[in-house]
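Trainee: My questions concern the predicted model and sequence given below.
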Amino acid sequence: MRRVVERGGEQGRREPLMTRALCLTSLAPHSSRGRKTVMLAVGYGQARTCQPIRLEQEYNVRSVVTIVVGATVLVLGGCGGANDTAKSSSSLSAAVSSGAPRELGTLKATGFGQADEYVWAAAVVHNNSNYVGQTVTVSFNVLDAGGKILATQAQIEGFSRPSEDHVVGTQVKLEPGLKAAKVEASLDVKASGTFSSEPFPTLPISDVTFTGSGGHRNVTFLLSNPLTVALKSPAVQVACLSEAKSIIGGGFTYPDLVPPGGKIRVETQVIVSGEPKDCTVFVGPPFDWEGAASAPSSLSSPPTDTPGGTPEDAFKVWIQQFGAKDWQGQYVTLVAAQRAVVSERRYIDCRNSEPSPAVSWVKVLSVTDAGNTAIPGTSVSLPSTKVSVQIKANGLKVPVDAHMFFEDGTWKWSMTKENIANCVG
């Protein structure tokens, strides 16, 4: 199941398949029937409550330690951060030039339509990233004229096209006689999730026509499939607009089949308040979408031999170096402030003294600007870029965050204060 949706009312309901994101903030040994387990946990700074996934490994308890990349803990095993005597230099003031966004998504517009006790709440959400597959949750509060919340409904979708607007909507049923006056929406975007990381192409649609009157209208348009494969039940979200371009309702449908290279006539019912002048139609991927050879993609494979020109390229190299136990190569891109605390020889010895889990790169999930970030174990702060990726650790796919620092024209990583203390001590 790749897509998670909630639906309500007479148009039908699909219950969400919820997944738990891993927390990667700390690594702690746990004992279970005499075996040592490693708890993967995700985050930055203070540990937070999360649902642990334990990797069954025969690790010595003393050897289970954390490694951080850009101050976000990567539970991979190794060394780690002590005294704060490192000095900053002019080379440490280089600005991050990745162009990464501050937030993964932006809520651009919200609106609703009502017919009897049914409300259709819709939002336009922009994907700020060059990647897809992020989990997008929009929660709608339906309020009356006095500001009282009449109902709350959340809709969970996934970004399917990079750097584009997505329509997210859901139906809400009110008690008979209640009148909605306003809808407020809140947005949450997570880098990881169950959605496909393969971009879904834009499917051409014809002009939209309307039939009917009142709060229930029928919307009709032609939908084309430019791919060489059939599309079964693509997700079609509709946001209807007033003459002033405000959202006044919408609806959804899942056409059974769009043939390869062909087109179909789509008709769906929408709920509106007032007279619609146009509708925005967003066609998302089917549940089982994993990409198609003829689907256009804006993603390119990062190089693997050098840290490269982007933070995600550099992080991929770091993961590959860890898998190959190339500690010397890793030390080269350790941030300068921490190289002043841990020597290359000490770092390599520290790495070699501990067992390391098997890790490999899977894919990038998202890249965002994290702002000025303190480098653990030092008095230095630098702008950083947060890279969220998926790796495979001992056969299990897990999401991992890394804060990368741009220094002397190269993307660098950092260890935690505890990591440095383990190596120095």
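Mentor: Arrived safely.

Trainee: surely V367 meets N130?
Mentor: Yes - counting by Cβ atoms under 8 Å, V367 does reach N130; the two are 7.3 Å apart. C-betas here are computed from N, CA, C, even on glycine.

Trainee: quick one: which of those two has more around it?
Mentor: Ranked by neighbour count (other Cβ atoms under 10 Å), V367 and N130 place V367 first, with 26 against 19.

Trainee: quick one: strands adjacent to the helix or strand harbouring that one?
Mentor: Here V367 sits within strand 359-374, counting by DSSP states H and E. Strand 359-374 pairs in its sheet with strand 381-393 (antiparallel), by DSSP bridges.

Trainee: elements contacting the helix or strand just after the strand it pairs with?
Mentor: For strand 381-393, the succeeding helix or strand toward the C-terminus, using DSSP H and E, is strand 396-407. The contact analysis (3 or more Cβ pairs under 8 Å, 6 or more residues apart in numbering; DSSP states H and E) places strand 396-407 against strand 53-56, strand 67-69, strand 72-74, helix 311-323, strand 359-374, strand 381-393, strand 410-412.

Trainee: per-residue confidence averaged over the last one?
Mentor: This means strand 410-412. Averaging pLDDT along strand 410-412 yields 92.

Trainee: Summarise which helices and strands that strand is packed against.
Mentor: For strand 410-412, the packing partners by 3+ Cβ pairs under 8 Å, 6+ apart come out as helix 311-323, strand 396-407.

Trainee: Of those, which is nearest A154?
Mentor: The closest of those to A154 is strand 396-407. By Cβ to Cβ, the value is 21.3 Å.

Trainee: Partner strands of that closest one, with direction?
Mentor: Looking at strand 396-407 with DSSP bridges, its partner strands are strand 381-393 (antiparallel), strand 410-412 (antiparallel).

Trainee: quick one: buried residues of it?
Mentor: V398, P399, V400, D401, A402, H403, M404, F405, F406, E407 (16 or more other Cβ atoms under 10 Å).

Trainee: With stretch 179-192 instead?
Mentor: Using 16+ other Cβ under 10 Å as the test for burial, stretch 179-192 gives A180, V183, A185, L187, V189, K190, A191, S192.

Trainee: do stretch 370-385 as well
Mentor: For stretch 370-385, a neighbour-count test (16+ other Cβ under 10 Å) marks 370, 373-378, 380-385 as buried.

Trainee: Equivalent analysis for stretch 227-240, please.
Mentor: In stretch 227-240, counting by 16+ other Cβ under 10 Å, buried: L227, L231, S233, P234, A235, V236, Q237, V238, A239, C240.

Trainee: swap in stretch 193-201?
Mentor: G193, F195, S196, S197, E198, P199, F200, P201.

Trainee: Now tabulate these in a markdown table and tack on pLDDT.
Mentor: Formatted as a markdown table, the buried residues of stretch 193-201 follow (pLDDT from 0 to 100):
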| residue | pLDDT |
| --- | --- |
| G193 | 75 |
| F195 | 85 |
| S196 | 86 |
| S197 | 84 |
| E198 | 88 |
| P199 | 92 |
| F200 | 95 |
| P201 | 94 |
